[in-house]
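Student: this one's sequence-less:
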């Protein structure tokens, strides 16, 4: 479902809407990409043992980079405006900063 939301959100909701779907909604769905549950689980895993689960750090870093790319793509193809991307991108950058801080602590 996450891959479908990220890659083909219009096709997934086309049957439910029955008419033209607002591009903003398409962009929001693409950005969400079904990541709510996996993100929550990864953050819980890291909260329990942040230095012992480096694989989770890599997954979160990759997911945040991918989310930033999808936000930029949504702006470029006019799914939503740059102002909407400015809501998502700072949160993703804060998460990436947290990953970098944990990596730095683990390597010291």
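Tutor: Yep, it's here. These figures come from a predicted structure and were not determined experimentally. Numbers count the residues shown, from 1 in each chain.
Student: Show the model's pLDDT score for the spatially most central residue of the chain.
Tutor: Taking Cα atoms, centre = their mean, the centroid of the chain lies closest to residue 67, which sits 3.7 Å from it. Model confidence at residue 67, given as pLDDT, is 84.
Student: Without its sequence neighbours, what residue ends up closest to it?
Tutor: In space, and not counting its chain neighbours, residue 67 is closest to residue 92: 5.1 Å by Cβ to Cβ, 6 or more residues apart in numbering. All C-beta atoms are positioned from the backbone trio N, CA, C, and that covers glycine.
Student: Now do the one you found against residue 69, distance only.
Tutor: Computed with Cβ to Cβ, to the nearest Å, the distance linking residue 92 and residue 69 is 10 Å.
Student: One more: residue 47?
Tutor: On the measure of Cβ to Cβ, residue 47 and residue 69 end up 26 Å apart.
Student: Kindly report the same for residue 26.
Tutor: The value you get for residue 26 to residue 69, if Cβ to Cβ is used, is 16 Å.
Student: Would you mind telling me which of these two has more residues around it?
Tutor: Between residue 26 and residue 69, counting by other Cβ atoms under 10 Å, residue 26 is the more crowded of the two (20 against 10).
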